[in-house]
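Asker: here's my sequence, what's the structure:
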Amino acid sequence: MTFCKNSQELRRTHFHILPTSFYDRPTALVARDLLGKVLRVRDSKIWRSGIILETEAYVANDPANHAFRGRTNRNQSMFKGPSTAYVYSIHQVYCVNAVTRPGEAVLIRSLQPKENVTLPCEGPGKLCRALGITKLKHDGQPLTGTDIQVVEGNEVPVKITVSRRVGVTKGKNMLLRFNIS
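Answerer: Numbering: from 1, shown residues only. Now for the predicted structure:
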């Protein structure tokens, strides 16, 4: 499925930032509802963005969840409240999550590039690199803010598939991975 607009159309578009209340719902529902929305990141004076194509939910009592054993220095952003960006590093790449409930979050796995993105966005590390997302700059920041945000998309996904998660060993059989097919 392709969602595409040219740069001139994007500049004329008024972006409706998703409110904190959007994230303050069951995590699997938020993961599904993020599909088709647009993740935007500001770098100096330009915005980079992409349509969210794939997500994974990390819920309470989930052994793959970074908060499974409680709050730590690494996962403290997962407890700051709904709509917080939780950015972590794994294998020297960053991954970005949208916090929902305390200790729960949605990993954004894949984007379709939209605005000022020239690198591929298939995979959480690649999309962070393409949008310039870093732990230092974005971890703990509100996704309703001025530097990183999720906004309404102009298209509604036609078909959403649900599957097992990838890239984890614990909890891999949980049906918490959502994508636009």
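Asker: report the buried residues of the lengthiest strand in the chain.
Answerer: Longest strand of the chain, by residue count under DSSP state E: strand 46-58. Applying a neighbour-count criterion of 16 or more other CB atoms under 10 Å, one finds 47, 48, 49, 50, 51, 52, 53, 54, 55, 56, 57, 58 buried in strand 46-58. Using the backbone N, CA and C atoms, a C-beta is placed for each residue, glycine as well.
Asker: repeat for stretch 57-73
Answerer: 57, 58, 59, 62, 64, 65, 66, 67, 68.
Asker: which of the residues you listed lies closest to residue 115?
Answerer: The closest of these to residue 115 turns out to be residue 57 (CB to CB; 26.4 Å).
Asker: confirm that residue 114 sits in a strand.
Answerer: Yes - under DSSP: H, G, I helix; E, B strand; the rest coil, residue 114 sits within a strand.
Asker: tell me which residue is most central in this structure.
Answerer: For the chain, residue 108 is the residue whose C-alpha lies nearest the centre (CA atoms, centre = their mean; 3.2 Å).
Asker: contacting residues around it?
Answerer: 34, 39, 52, 54, 55, 96, 97, 98, 124, 127 (CB atoms under 8 Å, 6 or more residues apart in numbering).
Asker: how long is stretch 75-83 end to end?
Answerer: With CA to CA, to the nearest Å applied, stretch 75-83 spans 15 Å between its terminal residues.
Asker: then stretch 118-137?
Answerer: Its first and final residues considered, stretch 118-137 spans 21 Å by CA to CA.
Asker: give me the distance from it to the chain's centre.
Answerer: Centre-to-centre, stretch 118-137 and its host chain are 11 Å apart (CA atoms, centre = their mean, to the nearest Å).
Asker: buried residues, it. List them.
Answerer: Within stretch 118-137, the residues that qualify as buried are 121, 123-133, 135, counting by 16+ other CB under 10 Å.
Asker: which two of these have the greatest separation?
Answerer: Maximum distance among these (CB to CB): 18.4 Å, for 121 and 135.
Asker: low-confidence ranges in the chain?
Answerer: For the chain, the stretches with pLDDT under 70 are 1-14, 155-157.
Asker: tell me which stretches of it form strands.
Answerer: So, for the chain - with DSSP E - the strands run 38-43, 46-58, 85-90, 93-99, 105-115, 148-151, 160-163, 177-180.
Asker: related to what we said a few turns ago, ok, so of the contacts of residue 108, who is nearest residue 144?
Answerer: For the contacts of residue 108, the nearest to residue 144 is residue 98 (10.6 Å; CB to CB).
Asker: fine by me, we can end here.
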